[in-house]
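>>> Sequence and computational prediction follow.
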Amino acid sequence: MTLIRGVDYSTVNPDNKWKILKSQSRFALWALLISSGVVMQGFDLVAGGQLAALPVFKEKFGILQPDGSYLIPAHYLSAWNSIAPATEIVSTFIFAPLLEKFGRKWAILAASLISVGGVLLQQLAPNWRVHLAGRGVNGIAIGMMFTVSPLWIGETCRPELRGFFLCFFNTSIVFGQFAIVAVSEGSSHISSKWQWWLPLVAQYVFPFILTVSWPFFPESPYWLVRHGRPADAKKALRRIYGFKEAEYYEIEVSRLEEEIRITNDRHGNIDAEPPKRLLGVNVQLEAECFDATNRKRTLTAIFAASAQQMIGATFVIGYATYFFQLIGIKNYFGASIALFVVMLLASTAAFPLTEIYGRRFLIVGPQFILCFMLLIIGILGCVPNKARASWGVVALLYIWALIYQLSIGATGFVLASEIATMRLRGATQGLITITNSLWGLIMQFTVPYMINPDAGDLGGKVGFIFLATGLIAGVGGWYLFPETKGLSFEKLDELYAMKVPPRHFKRAVEQHPETESTQAEPAYALRTFLPKEGEVHVEHA
């Protein structure tokens, strides 16, 4: 046994995660760097609601009202906020298959350059339609980074720390949301066009950082090993971790080779034959995500990300500032900044909690708590005295945001990014992006009509709508979400092959930690049942 910095890396042992974490500072910087691209998603998600609250922006793109004020029509807001998710869907269909062929690194530069073009269009737009086109172009870049960031982190980090570092993904989104709210509050005191230009110009920062660092950014070692380039994988690992001990790189490449071998044995070799493509899309790989063996895992990954939208994230996060303004909060920018500070702190706290308490614990129960709070928000929206009810709604939104970021907000992406087989991770991550964008398209299109004064003007009664979809998310999560903390990809493959109900994964591992699937066929020919006393038995069919 060879110890490297006091840790035996030759085996995957969750008990070593805190020891390993001490030596991961260099990897953390790379993970933080690639996650910075997702900050653009946070900016874009909140940008519509922020800009709509700025007076000069309203004068530029709004319609003059009889009382002399300007109002952004609901269909403008709806189009602006739904165009990015729409282009994310289209671009991901084209882009995700290219990740398998050309690797992960090229996408970072492409997304950065596309984002600059999109922001420039928004900034120089003479009318709302050109501004709409700029939002759509930027959506292409967002879709690319939304796919490649968790994919690269999940493939590159040690299995013991997957949950910890995948939290970077959500925290980057929240930081982007906080940053644009803070910038918008500052720019609200400017009376010129820079009042709305400043929040847009701030978006150039992150593509600039990614572009400057791109020549030095390492390719995914997993992708390099899978394409028969172990020597290049070792070079990439050396750049990522910076360990002096050469044994570490031998161990990591061997681990990746073993994971790929096991995956190929169980699911077939992804590179054994030319893929079947339609309009550039690897339809063979996409179809495999939904075959009998992988269907539940794919749906679980998709549902874990979609549940965030179903439980009201778009409403609370995307339109907080605008909503506060509509319900009569005078210092609506200040209230919004405080809200995002709470969310940023909660998202950061989720880093260790994900590895301490696990994914299922942090998602399933809190989802039902969030649903209860949406019910109370809806009830407050029915109170005749709107002035008093508004402060109750604001207080509940703060608590809702805190619980959300400690639970499904941070952990949903972790679970979604680690649940697929190694063979189908790229394809599954693309499907997650597409589905999440589809939900974003629906929510961004409908929320303005729910809350705008010239449309639904529902106020707090919006809580009832998201209560309905949130309950679907809660019940679905109870049955679909497994506990994946500390489980290797091989163990996940085994548990799904044995048909253990996902909600009983933790119990199955505790009672049969060494259970191995000894048959390579009928998934396969194993079945698991749980008698009343809770003991897990594994039988050969």
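Right, received. Where do you want to start?
>>> Cross-check the contact I'm expecting between residue 4 and residue 247.
Yes: between residue 4 and residue 247 there is a contact under C-beta atoms under 8 Å: 6.2 Å. Placement of C-beta: from N, CA and C, glycine included.
>>> Mind checking which of those two has more residues around it?
residue 4 (17 against 13; other C-beta atoms under 10 Å).
>>> List the contacts of the more buried one.
Contacts for residue 4 (C-beta atoms under 8 Å, 6 or more residues apart in numbering) come out as 243, 245, 247, 248, 251.
>>> Let's see which of those residues end up in helices.
247, 248, 251 (DSSP state H).
>>> Which residue, other than its chain neighbours, is closest to the last one?
Think residue 251. residue 9 (4.9 Å; C-beta to C-beta, 6 or more residues apart in numbering).
>>> Contact partners for that neighbour?
20, 158, 248, 251, 252.
>>> okay, and for the chain, where does confidence drop off?
The chain contains residues with pLDDT under 70 at 1-2, 45-46, 48-49, 266-285, 318-323, 326-327, 387, 512-541.
>>> Geometric centre of it: which residue is closest?
Residue closest to the average C-alpha location in the chain (C-alpha atoms, centre = their mean): residue 413, at 4.4 Å.
>>> Can you list the buried residues in the helix or strand encompassing it?
Here residue 413 sits within helix 408-418, counting by DSSP states H and E. Within helix 408-418, the residues that count as buried by 16 or more other C-beta atoms under 10 Å are 408, 409, 410, 411, 412, 413, 414, 415, 416, 417, 418.
>>> can you list contacts of it?
By C-beta under 8 Å, 6+ apart, the list of residues contacting helix 408-418 reads 150-151, 153-154, 162-163, 166-167, 169-171, 174, 300-302, 304-305, 307-308, 311, 313, 343, 346-347, 350-351, 354, 359, 362-363, 366-367, 370, 429, 432, 473, 477, 481, 484, 492.
>>> now for the helix or strand following that helix, which elements pack on it?
Reading on from helix 408-418 to the C-terminus, the next helix or strand found by DSSP H and E is helix 425-451. Applying 3 or more C-beta pairs under 8 Å, 6 or more residues apart in numbering; DSSP states H and E, one finds that helix 425-451 contacts helix 74-102, helix 128-156, helix 283-288, helix 295-310, helix 320-326, helix 408-418, helix 462-480.
>>> Residue 162 is in contact with residue 154, correct?
Yes: Residue 154 lies in contact with residue 162 (C-beta under 8 Å); the separation is 6.0 Å.
>>> of these two, who's got more company?
residue 162 (27 against 24).
>>> Please identify the helix or strand for the more buried one.
Per DSSP H and E: helix 162-187 holds residue 162.
>>> Go through whichever helix or strand comes after that helix and flag the buried ones.
Heading C-terminal from helix 162-187, the first helix or strand you meet, by DSSP H and E, is helix 194-201. Neighbour counts over helix 194-201 (16+ other C-beta under 10 Å) mark 195, 196, 197, 198, 199, 200 as buried.
>>> With stretch 91-106 instead?
Neighbour counts over stretch 91-106 (16+ other C-beta under 10 Å) mark 91, 92, 93, 95, 96, 97, 98, 99, 100, 103, 104, 105 as buried.
>>> show me the contacts for the last one.
This means residue 105. 214, 217, 218, 219, 220.
>>> Ranking by neighbours, what's the top pick from these?
The contacts of residue 105, ranked by neighbours (other C-beta under 10 Å): first place residue 220, 24 neighbours.
>>> Report the contact partners of that one.
103, 104, 105, 151, 152, 155, 156, 236.
>>> give me that answer again for 7 Å
103, 104, 152, 155, 156 (C-beta atoms under 7 Å, 6 or more residues apart in numbering).
>>> what does residue 396 give?
By C-beta under 7 Å, 6+ apart, residue 396 lies in contact with 373, 376, 377.
>>> thinking the last one is in contact with residue 394, fair?
No: judged on C-beta atoms under 7 Å, residue 377 makes no contact with residue 394 at a distance of 9.9 Å.
>>> The two: who's more crowded?
Neighbours were counted for residue 377 and for residue 394 using other C-beta under 10 Å; residue 377 has more, 28 against 22.
>>> So the more buried one belongs to a helix, correct?
Yes: under DSSP: H, G, I helix; E, B strand; the rest coil, residue 377 falls within a helix.
>>> Give me the spatial nearest neighbour of it, chain neighbours excluded.
residue 463 (3.3 Å).
>>> Same check on residue 57?
The nearest residue in space to residue 57 (C-beta to C-beta, 6+ apart) is residue 196, at 3.9 Å.
>>> give the contact list for that neighbour.
51, 54, 56, 57, 60.
>>> wait, what's in contact with residue 397?
316, 339.
>>> in what helix or strand does it lie?
Secondary-structure assignment from DSSP H and E places residue 397 in helix 386-406.
>>> Next, give phi and psi for residue 63.
Residue 63 has phi and psi values of phi -120, psi 130 when expressed as degrees, to the nearest 10.
>>> what do you get for residue 70?
phi -120, psi 140.
>>> Enumerate every residue touching it.
Here residue 70 is in contact with 58, 59, 62, 63, 64 (criterion: C-beta under 7 Å, 6+ apart).
>>> And the contacts of residue 396, which is closest to residue 136?
residue 377 (31.9 Å; C-beta to C-beta).
>>> how near is that closest one to residue 182?
25 Å (C-beta to C-beta, to the nearest Å).
>>> Ok, residue 93 next?
35 Å.
>>> cool, residue 463 as well?
27 Å.
>>> Comparing those two, which residue is more hemmed in?
residue 463 (28 against 17).
>>> The more buried one against residue 382, yeah?
No: using C-beta under 7 Å, residue 463 makes no contact with residue 382, being 9.9 Å away.
>>> Now residue 194. Nearest residue, chain neighbours left out?
Residue 194's closest residue in space is residue 187 (C-beta to C-beta, 6+ apart), at 6.6 Å.
>>> neighbours around the one you found, how many?
24.
>>> That one: what's it in contact with?
Taking C-beta under 7 Å, 6+ apart as the test, what residue 187 contacts is 194, 195, 198, 199.
>>> mind running it again at 8 Å?
Here residue 187 is in contact with 54, 194, 195, 196, 197, 198, 199 (C-beta under 8 Å, 6+ apart).
>>> Then residue 245?
4, 5.
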